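> Turn this into a structure:
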Amino acid sequence: MTRRPLRPGPATGRFHHAGPDAFTTAILALVLLGAGAGGQATLHGQVAGVEFRDSAGITLVLNPETPVGGPGGWRVTERPALRIGVLDGRPEETFSGVFHGTVLADGRIIVANTNPIEARVFDSMGRHLVSFGREGRGPAEFIGRISQVTLAEPDTVGLRNGRLGVHLFLADGSFLRTVPGSIQSGVYDWLGHGRFLLRTAIRTAEPPEVGVIHLADRYSIWSAETQREDTLGVFSGIDQYRNGEAGTIPTVIPYGRRTFTAFGAGRVYVAYNAAYSIQVFSVDGSLERVIRKRYRPLAVSAEDRDAGVRRALQGPLFRAPLPDQILAGLERQVREAPIPDTHPAFEELVVDRVGFLWVRSPSPTGAAQVRWDVFSPEGILTATVAVPAVWRVLEIGEDYLLAVSRDDYEVEYVEMYGIRR
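The predicted structure follows:
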């Protein structure tokens, strides 16, 4: 993707560009000189130790364990080159519940805010341009929150409205049309070009009254044009626990295993994080390859356990309008849940704008940086990158990482970091 280089701008009382350090400035200069092409050069030089196997036309790529900082030499800046957001200021410059965002080719940034529900557009310097969308059930309206932001065309974005469909807008906020959602039940993501990734719960058996509950989900790709559904497979759902108290429902187990998905550059990635094994599908539903990597499981410390329980107690279930007695029972259940001795193999998947798969490794509580493994479209481990421990990664481009951070007051900021490949 070609986009305007990151460059710092003047500070104001409502947003500011974090002053770049020498390393940031060097990275941005390299971007201007075309350093992004180095990723492809690195790809062909980092195959030592990689093992390829073929079975029934499916390629299995086995990658060795690697330390942080190698291979590849890729780096993400320690400080953001751009930061948008304020503790107290104009409504369009304060954020609450930013889960999705994207960057256009000309540098404009679009983020989806939850409270209030709207998409906000900023220029490449962080200045607010326009906001659009609102809560409701009509055209250009959203229920609950904007649940996905996808770049459909160079100047067109698709904003998913839960299970009901995808609203298409121009970047200036002009509403174009709605792409209807799948008629199938379940949760889905829009893949673009009339295709949806569906996730449907599978009732293999009634869940036990007491103990760990392992549910399953069926993933498939559904075409709105042909009305055809191609099943990818059945994968384990998120681990849950029920202690048998009257009136309680299953709750998430801290550090429990679950299935993650990601999509981009014509591929869909699905993986259950009990092991470091990722299945790669084409958008027609065929399995192309399986990516695996050797790794050493990270032990769950006492500090990790406490932090995991706190996160579970801050989840959406505990923000629901439930009676105090029910909430107290659910809290006891979370605290009683059997927490695994080790972290999952990975904690997030993101496909960047040039087709590389980024896989976030687990990290100890309070770590200032988090390790990401980066795989080429062929499944080769190309780089391991230390990334600031932001609250949420929104998008990764050729030379940038768009993220949301939170300060000690839970105030959200949209940030952009530079990437050198």
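
> Output the below-cut-off pLDDT ranges for this protein.
The chain contains residues with pLDDT under 70 at 1-48, 67-71, 182-186, 204-209, 246-247.

> Tell me where it has helices.
22-32, 38-45, 302-313, 324-336 (DSSP state H).

> what's the distance between the third one and the middle of its chain?
Pointing back at helix 302-313 there. Here helix 302-313 is found 21 Å from its chain centre; the criterion is CA atoms, centre = their mean, to the nearest Å.

> Direction-wise, compare that helix with helix 324-336 and give the angle.
For helix 302-313 against helix 324-336, the angle by axes from the mean of the first three to the mean of the last three CA atoms, to 10 degrees is 150 degrees.

> Tell me which other helices or strands helix 302-313 touches.
Applying 3 or more CB pairs under 8 Å, 6 or more residues apart in numbering; DSSP states H and E, one finds that helix 302-313 contacts helix 324-336. Bear in mind the C-beta positions are built from the backbone N, C-alpha and C, glycine included.

> Now with 6 Å, please.
Other helices and strands packing on helix 302-313, by 3 or more CB pairs under 6 Å, 6 or more residues apart in numbering; DSSP states H and E, are absent; none qualifies.

> Using CSV, write down the CA coordinates of it.
What follows is helix 302-313, C-alpha atoms only, in CSV (Å, rounded to 0.1, in the frame of the first residue of the first chain):
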residue,chain,number,x,y,z
ALA,A,302,0.6,-15.2,40.8
GLU,A,303,0.5,-11.7,39.4
ASP,A,304,-0.8,-12.9,36.1
ARG,A,305,-3.6,-14.9,37.9
ASP,A,306,-4.7,-11.8,39.8
ALA,A,307,-4.7,-9.6,36.6
GLY,A,308,-6.6,-12.3,34.7
VAL,A,309,-9.3,-12.4,37.3
ARG,A,310,-9.6,-8.6,37.3
ARG,A,311,-9.9,-8.5,33.5
ALA,A,312,-12.7,-11.2,33.6
LEU,A,313,-14.6,-9.2,36.3
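
> Just the buried positions in stretch 122-141, please.
122, 124, 125, 126, 128, 130, 132, 133, 140, 141 (16 or more other CB atoms under 10 Å).

> The fifth one is in contact with residue 90, isn't it?
Put plainly, it is residue 128. No: in terms of CB atoms under 6 Å, residue 128 does not count as a neighbour of residue 90; the distance is 7.7 Å.

> burial of residue 117, as a residue count?
When counting by other CB atoms under 10 Å, one arrives at 19 neighbours for residue 117.

> Taking the buried residues of stretch 122-141 together, which two end up most distant?
Greatest spatial distance among the buried residues of stretch 122-141 (CB to CB): 125 and 141, at 30.0 Å.

> now residue 141, nearest residue through space, not along the chain?
What sits nearest to residue 141 in space, not counting adjacent residues and going by CB to CB, 6 or more residues apart in numbering, is residue 134, at 5.7 Å.

> Kindly report the same for residue 290.
With sequence-adjacent residues excluded and distances taken as CB to CB, 6+ apart, residue 290 is closest to residue 60, at 4.9 Å.

> For that neighbour, name its beta-bridge partners.
Under DSSP bridges, the beta-bridge partners of residue 60 are residue 53, residue 290.

> Just give me the neighbour total for it.
15.

> gap between it and residue 300?
29 Å (CB to CB, to the nearest Å).

> buried ones in stretch 229-249?
So for stretch 229-249, counting by 16+ other CB under 10 Å, buried means 229, 230, 232, 235, 237, 238, 239, 240, 241, 242, 243.

> In this structure the residue nearest to residue 290 contacts residue 51, no?
No: counting by CB under 6 Å, residue 60 sits too far from residue 51 to count as a contact (8.2 Å).

> Ignoring the adjacent residues along the chain, who's closest to residue 161?
Residue 161 sits nearest to residue 142 (CB to CB, 6+ apart), 5.0 Å away.

> which residues does the one you found contact?
Going by CB atoms under 6 Å, 6 or more residues apart in numbering, residue 142 touches 117, 133, 161.

> So which of the residues you listed sit within strands?
Using DSSP state E, no member of the contacts of residue 142 falls in strands.

> Columns distance to residue 408 on top of those, output as TSV?
What follows is the contacts of residue 142, written out as TSV (distance: CB to CB, whole Å):
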residue	distance to residue 408
117	26
133	30
161	34
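
> all strands in the stretch 251-400 of the chain, in order from the N-terminus.
Taking DSSP state E, counting those that start in this stretch, the strands of the stretch 251-400 of the chain run over residues 251-252, 259-264, 267-272, 277-282, 287-293, 348-351, 357-360, 369-375, 381-388, 392-396, 400-406.

> and the shortest one, which strands flank it?
Right, strand 251-252. Sheet partners assigned to strand 251-252 using DSSP bridges are listed as strand 240-242 (antiparallel).

> and the strand it pairs with, how far from the chain's centre?
25 Å.

> repeat for stretch 53-63
With CA atoms, centre = their mean, you get 26 Å for stretch 53-63.

> Tally up the residues packed near the closest residue to residue 407 other than its chain neighbours, please.
Counting by CB to CB, 6+ apart, residue 407 lies nearest to residue 413, which is 7.3 Å off, once chain neighbours are set aside. By the measure other CB under 10 Å, the count of residues near residue 413 is 24.

> What of the one 4 residues further on?
For residue 417, the neighbour count with other CB under 10 Å is 26.

> likewise residue 110?
With other CB under 10 Å as criterion, residue 110 counts 26.

> ok so, going back, and the residue nearest to residue 290, how far is that from residue 193?
Counting by CB to CB, the separation of residue 60 from residue 193 is 29 Å.

> Only the buried residues of stretch 146-157, if you could.
Under 16+ other CB under 10 Å, the buried positions of stretch 146-157 are 146, 147, 148, 149, 150, 151, 152, 157.
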